[in-house]
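Colleague: Quick one: sequence plus predicted model below, questions after.
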Amino acid sequence: MQIEVEKIARSPSRTGRELQRYNLDRRQVVGCIPYRFIEKTGRCSSFSVVDELEVLLISSQKSEKMMFPKGGWESDESMEQAVLREALEEAGVTGQVEHELGKWSYKSKSQDKMHDGFMFPLLVDQELDHWPEKDFRKRKWVKVEEAKKLCPQWMNEALDSLIERLEQDKPSDMEDSCSSSSSSPSSSSSSSSSSPSSSSSSQHFLGASSLSLPSHSPSSIQ
């Protein structure tokens, strides 16, 4: 569902817990893994999604700790709307929400309570220069290896799920592009005009989000 990007980008982030969803006293949290592909020349059949995948991390408001965007799922919005809102408010990005990765139970260190976290991939198509929490957070595109060093364990498990899905859904023409580009003089010129965040290799190759809720529920405490 479309959201009013300009309106949210120029408005303060939502605050308060009046509309917050709970399930058996557990706060319901929705988050996303914003990602993009960086196109490389000379990709061969050994192409790995991880080699070209970048994910966007944000800092905590209270510390330099890095994580993926997340926040409370509220009663007046769908999960997809919550994902798009949190990504825009906290990280200043928009994109396409894809199928849910799963639900993780984790312990909030600030509240000392268990939360349920639902994570979604977000294929980023736009980065804004101004967003609600720009003055409170830093954002940084990183490779998978660095993200795993910085994120809490439950988010790392969500990232592993995304990587596995992307590898499984990788179309064969991506693997064969090395040979085709070397035999076609025009391929290099056409690829040079692509945007780094939305290149030919970053075209969405997962199905559009149906917001179905998988039963995958690892119990990782962080």
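Modeller: Thanks, I have the structure now. Numbers count the residues shown, from 1 in each chain.
Colleague: switch to C-alpha atoms for all contacts and neighbour counts from now on
Modeller: OK.
Colleague: burial count for residue 87?
Modeller: Here the count is done by other CA atoms under 10 Å, and residue 87 has 26 residues near it.
Colleague: so what's it up against?
Modeller: 31-32, 34, 69-70, 93-94 (CA atoms under 8 Å, 6 or more residues apart in numbering).
Colleague: Which one (most neighbours) among those?
Modeller: Counting by other CA under 10 Å, top hit in those: residue 32 with 30 neighbours.
Colleague: shouldn't that one be in contact with residue 121?
Modeller: Yes: look at residue 32 against residue 121 with CA atoms under 8 Å: they come within range, at 5.4 Å.
Colleague: tell me which element residue 116 is part of?
Modeller: If you go by DSSP states H and E, residue 116 is part of strand 113-127.
Colleague: Against which helices or strands is that strand packed?
Modeller: On a contact count with 3 or more CA pairs under 8 Å, 6 or more residues apart in numbering; DSSP states H and E, strand 113-127 meets strand 26-37, strand 93-97, strand 102-108.
Colleague: Nearest approach to residue 169 belongs to which of these?
Modeller: Each of the helices and strands packed on strand 113-127 has some distance to residue 169 by CA to CA; the shortest is strand 26-37, at 14.5 Å.
Colleague: Show me what whatever helix or strand comes next after that closest one is packed against.
Modeller: Using DSSP H and E, the next helix or strand after strand 26-37 towards the C-terminus is helix 49-52. Where contact means 3+ CA pairs under 8 Å, 6+ apart, helix 49-52 is packed against helix 153-168.
Colleague: Can you check what angle separates the helix it packs on from strand 102-108?
Modeller: Counting by axes from the mean of the first three to the mean of the last three CA atoms, to 10 degrees, helix 153-168 lies at 160 degrees to strand 102-108.
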